[in-house]
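Undergrad: Let me see the structure of the following:
(one chain, ligands or ions: 1)
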Amino acid sequence: MNASTTILNVALVVGAQGVIGRNLVEHLATLPDWEVIGLSRRGGEPQARVRHIAVDLLDAAACTTQLRDLTHVTHVFYAAYQDRPTWAELVPPNLAMLVNVVEALEPVAIGLQHISLMQGYKVYGAHLGPFKTPARETDADHMPPEFNVDQQRFLERRQVGKAWNWSAIRPSVVGGFALGNPMNLALVIAVYAAISKELGLPLRFPGKPGAYDKLLEMTDAGLLARATVWAATEPRCVNQAFNINNGDLFRWNELWPKLARFFELEVAPPLPLPLQVVMADKGPLWEAMVEKYGLAPHSYEQVSNWGFGDFVFSWDYDLFADGSKARRFGFHEFIETEAMFLDIFADLRRRKVIP
Ligand SMILES: NC(=O)c1ccc[n+]([C@@H]2O[C@H](COP(=O)([O-])OP(=O)(O)OC[C@H]3O[C@@H](n4cnc5c(N)ncnc54)[C@H](OP(=O)(O)O)[C@@H]3O)[C@@H](O)[C@H]2O)c1
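TA: So this is what the prediction gives:
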């Protein structure tokens, strides 16, 4: 670190190896007045002004011990996630991890200013079926169980009378780089396309018939990181929730052929293909492709989140939220979703994740 650099803010990025957390760490590392500490089970390599701590957030005692020295943290960016097979089962571990972090950190971080909570459109019931669109931050809650809402209620209660405040960020499906994570749509499409090409097949939309022509939106992980830091440091955003999206809408029937072009693939008519089933036996093919194209040695498991693909491609209803609140409050960035996908695919190629 340059001796003349003044560190004003210390960020604790919780879930620093996630699709969202990785991009938060990368963005914060570009800001001159921030120091960054990342938490995850796997840890990570230190870089200038960034260090990682490996800790199991489900273990309250481990959190107390390993966060004990983080007395100088000013901002918490919470983006950890534990996957579970049902919506109800998501609640206990995801609430426990947030509670454990706050219980361990709050007593020691005396200069704590802000806790940013990463949520999503599950707050609006987007995962349950057709919901009111555009979803707005002021929409009524739906029947629990819902972990995002429980996490927000915990922070709301905990914040009363404290010097710190909170913000809640609600992205759509997030596009960004990560490996070995349960929810990464760009990686699903990239690996599905690479395997289709290897088998001499066209790129066939594998979702429900009604999903091909519905209105959707995405959130770029870089844009999301910038919006998250903005909301955590903008006084007007105190104790508020914000939808954060790219700013455009799309339908797969228009976007899918453009994504196919990147892989130099023809498009064939959609066919409902449960990816968890049809991609289950493609591990040996993937291993052979890694060898043939000199790809980085990532296992098939690390590049597979077929269940998430099945989930997203099953949405035969519109899925979008009103992103104008963040814009009214001063965050004006946007990105074209097609460009976002093509950038991520190019990045995956550069990193030799796909041929
Ligand atoms: N991905 C999306 O498209 C999307 C869209 C909208 C909203 N969201 C929401 O955003 C939040 C983050 O999602 P994400 O997709 O970025 O998640 P993710 O890629 O699965 O990342 C989760 C992070 O949490 C860490 N983690 C998990 N269990 C842990 C534990 N017991 N102890 C310590 N660290 C742990 C993981 O690292 P280790 O595995 O190394 O521990 C990883 O760094 C979630 O609430 C999700 O619902 C995601």
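
Undergrad: gap between the helix or strand containing Met340 and the chain center?
TA: Using DSSP states H and E, the element containing Met340 is helix 337-350. Once both centres are worked out by Cα atoms, centre = their mean, to the nearest Å, helix 337-350 turns out to sit 16 Å from its chain's centre.

Undergrad: what's that helix in contact with?
TA: Counting by Cβ atoms under 8 Å, 6 or more residues apart in numbering, helix 337-350 makes contact with 175-177, 186-187, 189-190, 217-218, 220, 246, 248, 250, 255, 258-259, 262-263, 354-355, all of which sit outside it. (Glycine included, C-beta is placed from N, CA and C.)

Undergrad: burial of the residue of the stretch 51-200 of the chain found nearest the ligand, as a residue count?
TA: As assessed by Cβ to the nearest ligand atom, the ligand sits closest to Gly120 within the stretch 51-200 of the chain, at 2.8 Å. The tally of other residues near Gly120 (other Cβ atoms under 10 Å) stands at 21.

Undergrad: let's number from 48 now, not from 1
TA: All set: I'll call the first residue 48, so the last point we hit is now Gly167.

Undergrad: wouldn't it be in contact with Asn195 here?
TA: Yes - between Gly167 and Asn195 a contact is recorded at 6.3 Å, counting by Cβ atoms under 8 Å.

Undergrad: what's the closest residue to Ile291 other than its chain neighbours sitting at in phi/psi?
TA: Distance criterion Cβ to Cβ, 6 or more residues apart in numbering; nearest residue to Ile291, sequence neighbours excluded, is Ala274 at 4.5 Å. Phi and psi for Ala274, reported as degrees, to the nearest 10, are phi -70, psi -40.

Undergrad: List the residues that contact Ala274.
TA: Applying Cβ under 8 Å, 6+ apart, the residues near Ala274 are Ile216, Phe289, Ile291, Ala373, Phe378, Glu380.

Undergrad: Mind doing that once more with 7 Å?
TA: Applying Cβ atoms under 7 Å, 6 or more residues apart in numbering to Ala274 gives the contacts Ile216, Ile291, Ala373, Phe378.

Undergrad: Quick one, grab the pLDDT at it.
TA: pLDDT, Ala274: 98.

Undergrad: Distance check, it against Thr77.
TA: 15 Å (Cβ to Cβ, to the nearest Å).

Undergrad: Backbone dihedrals for the residue of the stretch 98-247 of the chain closest to the ligand, please?
TA: Dihedral angles (degrees, to the nearest 10) for Gly167: phi -180, psi -170.

Undergrad: Mind listing what's buried along stretch 143-154?
TA: The neighbour-count check on stretch 143-154 (16 or more other Cβ atoms under 10 Å) flags Met144, Leu145, Val146, Asn147, Val148, Val149, Ala151, Leu152, Glu153 as buried.

Undergrad: same question, stretch 98-109
TA: His99, Ile100, Val102, Leu104, Leu105, Ala107.

Undergrad: near the ligand, which residues of this protein?
TA: Applying Cβ under 6 Å from any ligand atom, we find that the chain lies next to the ligand at 62-68, 86-89, 102-105, 126-129, 144, 165, 167, 218, 220-221, 225, 228-230.

Undergrad: taking those one by one, which sit in strands?
TA: Among these, DSSP state E puts Leu86, Ser87, Met165, Pro218, Val220, Val221 in strands.

Undergrad: residue contacts, the last one?
TA: Contacts were defined as Cβ under 7 Å, 6+ apart; by that measure Val221 touches Val66, Ile67, Thr266, Ala268, Leu271.

Undergrad: quick one: pLDDT of the closest residue to the fourth one other than its chain neighbours?
TA: So the one you mean is Ala268. Nearest residue to Ala268 in three dimensions, chain neighbours excluded: Gly223, at 2.6 Å (Cβ to Cβ, 6+ apart). Gly223 carries a pLDDT score of 96 in this model.

Undergrad: ok, now which ones touch Gly223?
TA: Val66, Asn70, Ala268, Ile391.

Undergrad: if we go to 6 Å?
TA: Val66, Asn70, Ala268 (Cβ atoms under 6 Å, 6 or more residues apart in numbering).

Undergrad: neighbours around Glu203, how many?
TA: Neighbourhood size, Glu203 [other Cβ under 10 Å]: 12.

Undergrad: For it, pull up the helix or strand it's in.
TA: Using DSSP H and E, Glu203 falls in helix 194-206.

Undergrad: Can you name the residues in contact with that helix?
TA: Against helix 194-206 from outside (Cβ under 6 Å, 6+ apart): 137-138, 141-142, 145, 162, 164, 166, 169-170, 188, 213, 215.

Undergrad: Helices - which of these land there?
TA: Residues of the contacts of helix 194-206 located in helices (DSSP state H): Leu137, Val138, Asn141, Leu142, Leu145.

Undergrad: Tell me the backbone dihedrals of Gly254, please.
TA: Gly254 adopts backbone torsions of phi -90, psi -170, taken as degrees, to the nearest 10.

Undergrad: ugh, typo on my part, it should be Lys372
TA: Backbone torsions of Lys372, given as degrees, to the nearest 10, read phi -60, psi -50.

Undergrad: Relative to Phe358, how far out is it?
TA: 26 Å.

Undergrad: One more: Pro218?
TA: Taking Cβ to Cβ, one finds Pro218 at 16 Å from Phe358.

Undergrad: Please identify which of the two sits among more neighbours.
TA: Between Pro218 and Phe358, counted using other Cβ under 10 Å, the more crowded position is Pro218 (28 against 19).
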